[in-house]
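J.: Can you look at this prediction? I've put the sequence above it.
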Amino acid sequence: MFRKMRRNKQLLSIDDIVAVMERCTNGVLACMGDNDYPYAVPLSYVYFDNKIYFHSAKVGHKVDAIIKNPKVSFSVIDEDTIVSGEYTTYFRSVIAFGKARVVEGDEWVKGFEALVEKYSGDQPKKAKQKEISGCTQSHVIAIDIEHITGKEAIEYIRAKQ
């Protein structure tokens, strides 16, 4: 169903993929937008419970696209160093494919808590809980990952050996 990566020597292990997803703070959600044009939007996210969670306004292009067609991809760039003399970049990235859905109830709370913890973990617990309970005008959206892969520059692979 999903293509195999052509340069499989550069494939990240699942542990490295998880580390990238946990380390990075933003990614790009790609979905089918209006008039069948691709719509890609950068956003903050959290990788939690083998899913990708993000929050969104309850109305807008992103939500409309997800409701119309829940199949999405999500990419994260962990490293992108220009190496001018070699005419290349040393990179590390992850891409996930899955189906996005608006979550509710306990999953909404857990997803929002995970987001708040990632981005404001140093704040007092009471302040974090107030922020979560007061944020009733937003959706929390989960991507149920069906396929995830990561790749890094061959130079990083060689450096590990």
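T.: Nice, thanks for sending it over. Everything numeric here is computed off the predicted structure, so don't read it as measured data. Numbers count the residues shown, from 1 in each chain.

J.: would you list every one of the helices in the chain?
T.: With DSSP state H, the ranges of helices along the chain come out as 14-23, 61-68, 105-120, 125-133, 154-160.

J.: measure Gly27 to Arg158 for me?
T.: 27 Å (Cβ to Cβ, to the nearest Å). The way it works is simple: take the backbone N, C-alpha and C, and place the C-beta from them, glycine included.

J.: Lys99 too?
T.: 37 Å.

J.: More neighbours: which of the two?
T.: Lys99 (14 against 9; other Cβ atoms under 10 Å).

J.: I'd guessed that one sits against Ser73; true?
T.: No: using Cβ atoms under 8 Å, Lys99 is not in contact with Ser73, being 10.8 Å away.

J.: Flag the shaky bits of the protein, pLDDT-wise.
T.: Nowhere does the chain drop to pLDDT under 70.

J.: Let me know the outermost residue of it.
T.: Gly85 (31.9 Å; Cα atoms, centre = their mean).

J.: For that one, give me its contacts.
T.: By Cβ atoms under 8 Å, 6 or more residues apart in numbering, Gly85 lies in contact with nothing.

J.: How about Met32?
T.: Shown in contact with Met32 (Cβ under 8 Å, 6+ apart): Pro38, Tyr39, Ala65, Lys68, Asn69, Lys71.

J.: just the buried members of those residues?
T.: Tyr39, Ala65 (16 or more other Cβ atoms under 10 Å).

J.: Just put the contacts of Met32 in a markdown table and tack on distance to Lys118.
T.: A markdown table is the format used below for these (distance: Cβ to Cβ, whole Å):
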| residue | distance to Lys118 |
| --- | --- |
| Pro38 | 27 |
| Tyr39 | 24 |
| Ala65 | 24 |
| Lys68 | 28 |
| Asn69 | 27 |
| Lys71 | 25 |
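
J.: which among the contacts of Met32 gets closest to Ile141?
T.: Closest approach between the contacts of Met32 and Ile141, by Cβ to Cβ: Ala65, at 11.1 Å.

J.: does the residue lying closest to the closest one once chain neighbours are set aside have beta-bridge partners, and which?
T.: The shortest distance from Ala65 to any non-neighbouring residue, by Cβ to Cβ, 6 or more residues apart in numbering, is to Cys31 (4.3 Å). With DSSP bridges applied, Cys31 shows beta-bridge pairing to Tyr39.

J.: Around Cys31, count how many other residues there are.
T.: Cys31 has 21 nearby residues by other Cβ under 10 Å.
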